[in-house]
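Enquirer: Got a predicted model here, sequence first, then my questions.
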Amino acid sequence: MRKLVILTALFIAVTACGQKQKSSSEYIYAASLHKNYSSYYYKGQQKMADITFYKAQDAFQRMDSVCNVSRLYITRYALAEQDALPADLAKASAYAELGDCPDEKLITAFLSGDNLTDTGSLEKPFSLIAEFKRTGKYSALISYAEDGDTMSDSTVRLYRLVAAAITDTEPEKAYELAEKARVIDSTYGWTLGLSRDLDIMIKAYGKLGRDTSALIERKRLIDAKLTNN
């Protein structure tokens, strides 16, 4: 459960803690910092990502927007994927309790691996991820990823989620989805995302018995760029 959910690494849109979305310059600034944090992280610019994260946290706390602080920590936990820290999820849960944030409470419970009785109450795409985990069917999740209203950084993470889960059973489809993610990551210069895409592509090609040498070299070159950030 933990591996499947963490691999989503979804960008979680900020909320207005139960109110209509604020349009003040302060709120827009904080929301943009949240989004920029995700972008810096996937570019592999860890120092800038950390600076932006704490600026976003400060901006939300100045507004007593604790539900958004919870979401910020959810994003941090999810983006880290295999390196996710339980402490970040614990902070997300604590802020959700502090602000009595129902959506964030559900999300943190889901990410913690709790057996929710009504996963349909989760907001999308988490409800669709729960369905995928339960049934193995991913068509609805892919349709959501490819919807024109879905943000690109969510799309690539959903592609990787499904691709990683089906590499052993459907390597051809896994490669196809990882390549779709790679095209988007390349467009935005999300170097860390590219490394993760190529990792799935290498594994899928290996399952298909194809030559992986070119993919391995491309990943080596990408990873070398990450070490400089």
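Expert: Thanks, I have the structure now.
Enquirer: K225: neighbour count?
Expert: 14 (other Cβ atoms under 10 Å). Where C-beta positions appear, they are placed from N, C-alpha and C, glycine not excepted.
Enquirer: Now it, what are its backbone angles?
Expert: phi -70, psi -30 (degrees, to the nearest 10).
Enquirer: what residues are up against it?
Expert: Contact analysis of K225 by Cβ atoms under 8 Å, 6 or more residues apart in numbering lists 44, 191.
Enquirer: Now with 7 Å, please.
Expert: T191 (Cβ atoms under 7 Å, 6 or more residues apart in numbering).
Enquirer: Equivalent analysis for Q57, please.
Expert: 69, 72.
Enquirer: so what pLDDT did it get?
Expert: At Q57, the pLDDT value in this model is 97.
Enquirer: Just say helix, strand or coil for it.
Expert: With DSSP: H, G, I helix; E, B strand; the rest coil as the basis, Q57 sits in helix.
Enquirer: what about it, distance to D114?
Expert: Here Q57 is placed at a distance of 25 Å from D114 (Cβ to Cβ, to the nearest Å).
Enquirer: before we move on, what about A174?
Expert: 28 Å.
Enquirer: got it, and Y40?
Expert: Y40 is 31 Å from D114, by Cβ to Cβ.
Enquirer: which one of these two has more residues nearby?
Expert: Y40 (21 against 11).
Enquirer: Can you check the pLDDT for that one?
Expert: 94.
Enquirer: Find the residue closest to it in space, skipping its chain neighbours.
Expert: Spatially, and ignoring its direct neighbours in sequence, Y40 is nearest to A49 (4.0 Å; Cβ to Cβ, 6 or more residues apart in numbering).
Enquirer: cool, V156 as well?
Expert: Nearest to V156 is A181, by Cβ to Cβ, 6+ apart, at 4.2 Å.
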